[in-house]
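Trainee: return a 3D structure for these sequence lines:
(2 chains)
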There are 2 protein chains.
Amino acid sequence: MLFFTQCFGAVLDLIHLRFQHYKAKRVFSAAGQLVCVVNPTHSLKYAPTRCAAVQASTEQGILPPCHHHEAVHDPQLVPCTCPLFSCPWEGHLEVVVSHLRQTHRINILQGAEIVFLATDMHLPAPTDWIIMHSCLGHQFLLVLRKQEKYEGHPQFFATMMLIGTPTQADNFTYRLELNRNQRRLKWEATPRSILECVDSVISDGDCLVLNTSLAQLFSDNGSLAIGIAITTSKVHSSEAEM
Amino acid sequence: MLFFTQCFGAVLDLIHLRFQHYKAKRVFSAAGQLVCVVNPTHSLKYAPTRCAAVQASTEQGILPPCHHHEAVHDPQLVPCTCPLFSCPWEGHLEVVVSHLRQTHRINILQGAEIVFLATDMHLPAPTDWIIMHSCLGHQFLLVLRKQEKYEGHPQFFATMMLIGTPTQADNFTYRLELNRNQRRLKWEATPRSILECVDSVISDGDCLVLNTSLAQLFSDNGSLAIGIAITTSKVHSSEAEM
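Mentor: Numbers count the residues shown, from 1 in each chain, chains lettered A, B, ... in the order given. Next up, the predicted model:
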């Protein structure tokens, strides 16, 4: 009986995914780019204590990596950088990607230019849409977050973090682009390192910020499409290009 | 005595303008673009009754021109479109520009690409930075507004309006660009017609919106530089290019 229930659940999931895929194809029929449908996750670690120290020090103009303020004895170890869950995991930077994939089920996509299609934008804050993006020999974490900085007024924040050190991050430029209804909004910046904590980047507002009204203007049927492109920003970063 | 006081005032104004000009030159030394220093004006007609009807109808999905809701007997006449003052003036669309220049002292600039340098961004809301821009045979009104949509949280709204009809406005695309500290933010859209009321465009949020934190990231020494470019968006708009 349990087997049949699970089978039925799997079929329902497949139908849902198929529907999302058609929705994505309809939105980007002419674009010819790789479209990735990203479903929302209700954030389970809103305003985590882990980053409180980082946020406090950011307000004072200092921005150390997250693990600096924790009782991590081996300086080579970094805590879990998943923005969704408070997770006790810590490990070397090189294995963060496999931890995020295996433990937190975050998908990873290949390609220099992709379209991130966030569904169900109407869901209440706090909600996150997250994906990893493999490009130019590195992995990036794209986070779209719906959050109420001011009570009753949710905003959308989108940023890209390099799963690497701040020095490595300086070699790249990422671009997020919204394009709909004869309106276009582009944000270009150097990605932050995942060591800098995504929560503090968003609380600083150093990312693409959308009011609800703008998000609605760029949405189609409750889904927001964000074009993503990553380029190398320095000549000596050629070693990073594989 | 009055003469000497006025002379002294004029000299002080000149020194202030000179200082602003050097500030602008310092910011855009390499850009080679026409830089226009725009000083703020404390808005004297915040939430004007004139546009209340338009805003209410906008929320219902209708967007008539401002004059539609007023007791204007000649449909050819439009009210004063100055976003700063409640002004009883009304006249034909063709003379709005000269009214704005002469009565409200709004400067006009020539050129397809200019840099709008808004000074004193720290001033409290509501504050407006306004200039007219003459380009491709038409005049546009650029409005940067600091406003508290949510109490205690001022935001900046920037939009470009064509001093012309909505049909004429459809022929153009405007671009506002912020570029500083390895960050770039671009907004591209079709300008709205001045008949649609700048207050309702801003309350709809259909414009470039900046949180205080983003505005600070793009500001230099309290001044925000916005690169402006206008292009024709349709082939049959060549008649508009003079």
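Trainee: check which element follows the lowest-mean-pLDDT helix or strand in chain A along the chain.
Mentor: Counting by mean pLDDT, DSSP states H and E, chain A has its least confident helix or strand at helix A:52-59, which shows a mean of 39. Counting by DSSP states H and E, the next helix or strand C-terminal to helix A:52-59 is strand A:77-79.
Trainee: quick one: strands adjacent to that next one?
Mentor: Here strand A:77-79 has these sheet partners by DSSP bridges: strand A:90-92 (antiparallel).
Trainee: ok and whichever strand in chain A runs longest relative to strand B:138-150, angle-wise?
Mentor: When chain A is parsed with DSSP state E, its longest strand is strand A:138-150. Angle of strand A:138-150 versus strand B:138-150, following axes from the mean of the first three to the mean of the last three C-alpha atoms, to 10 degrees, is 70 degrees.
Trainee: quick check: residues of chain A near chain B?
Mentor: A:150, A:153, A:173, A:182-190, A:204-206, A:209-214, A:217, A:233 (C-beta under 8 Å from any C-beta of the partner chain). Placement of C-beta: from N, CA and C, glycine included.
Trainee: just the buried subset of those, please.
Mentor: Applying 16 or more other C-beta atoms under 10 Å in any protein chain shown to the residues of chain A next to chain B, the neighbour count classes A:173, A:183-190, A:204-206, A:209-212, A:214, A:217, A:233 as buried.
Trainee: tell me which of those fall in helices.
Mentor: A:204, A:212, A:214, A:217 (DSSP state H).
Trainee: got the contact list for the second one?
Mentor: Residues touching residue A:212, when contacts are defined by C-beta atoms under 8 Å, 6 or more residues apart in numbering or on different chains, comprise A:153-156, B:205.
Trainee: one more pass at 7 Å, please.
Mentor: residue A:154 (C-beta atoms under 7 Å, 6 or more residues apart in numbering or on different chains).
Trainee: swap in residue A:233?
Mentor: A:171-173, A:190.
Trainee: which of those residues sits closest to residue A:221?
Mentor: residue A:173 (31.1 Å; C-beta to C-beta).
Trainee: can you tell me how far that closest one is from residue A:39?
Mentor: The gap separating residue A:173 from residue A:39 is 28 Å, by C-beta to C-beta, to the nearest Å.
Trainee: next, residue A:104: phi, psi?
Mentor: Torsion angles at residue A:104 (phi, psi; degrees, to the nearest 10) stand at phi -100, psi 10.
Trainee: mind checking pLDDT for residue A:84?
Mentor: pLDDT for residue A:84: 68.
Trainee: gap between the two ends of stretch A:120-132?
Mentor: End-to-end span of stretch A:120-132 (C-alpha to C-alpha, to the nearest Å): 19 Å.
Trainee: give me the neighbour count for residue A:76.
Mentor: 11 (other C-beta atoms under 10 Å in any protein chain shown).
Trainee: can you tell me which residues contact it?
Mentor: Residues counted as contacts of residue A:76 (C-beta under 7 Å, 6+ apart) are residue A:92.
Trainee: next, the buried residues of stretch A:174-182.
Mentor: A:174-178.
Trainee: now those residues in a markdown table, please, with extra columns for pLDDT and secondary structure.
Mentor: Putting the buried residues of stretch A:174-182 into a markdown table (pLDDT from 0 to 100; DSSP: H, G, I helix; E, B strand; the rest coil) gives the following:
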| residue | pLDDT | secondary structure |
| --- | --- | --- |
| A:174 | 96 | strand |
| A:175 | 96 | strand |
| A:176 | 97 | strand |
| A:177 | 97 | strand |
| A:178 | 97 | strand |
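Trainee: specify which member of these is nearest to residue A:196.
Mentor: Checking the buried residues of stretch A:174-182 against residue A:196 by C-beta to C-beta gives residue A:174 as the nearest, at 14.4 Å.
Trainee: contacting residues for that closest one?
Mentor: A:160, A:189, A:191, A:228, A:230.
Trainee: how deep is the nearest residue to residue A:165 once chain neighbours are set aside tucked in, by neighbour count?
Mentor: Of all residues beyond its chain neighbours, the one nearest residue A:165 is residue A:193 (5.6 Å), with distances taken as C-beta to C-beta, 6 or more residues apart in numbering or on different chains. Per other C-beta under 10 Å, the neighbour tally for residue A:193 reads 23.
Trainee: residue A:193 and residue A:164 touch, don't they?
Mentor: Yes: when contacts are counted by C-beta atoms under 7 Å, residue A:193 is listed as touching residue A:164 (6.2 Å).
Trainee: give the residues shared as contacts by these two.
Mentor: With C-beta under 7 Å, 6+ apart, residue A:193 and residue A:164 have no common neighbours.
Trainee: where does residue A:125 land in three-state SS?
Mentor: coil (DSSP: H, G, I helix; E, B strand; the rest coil).
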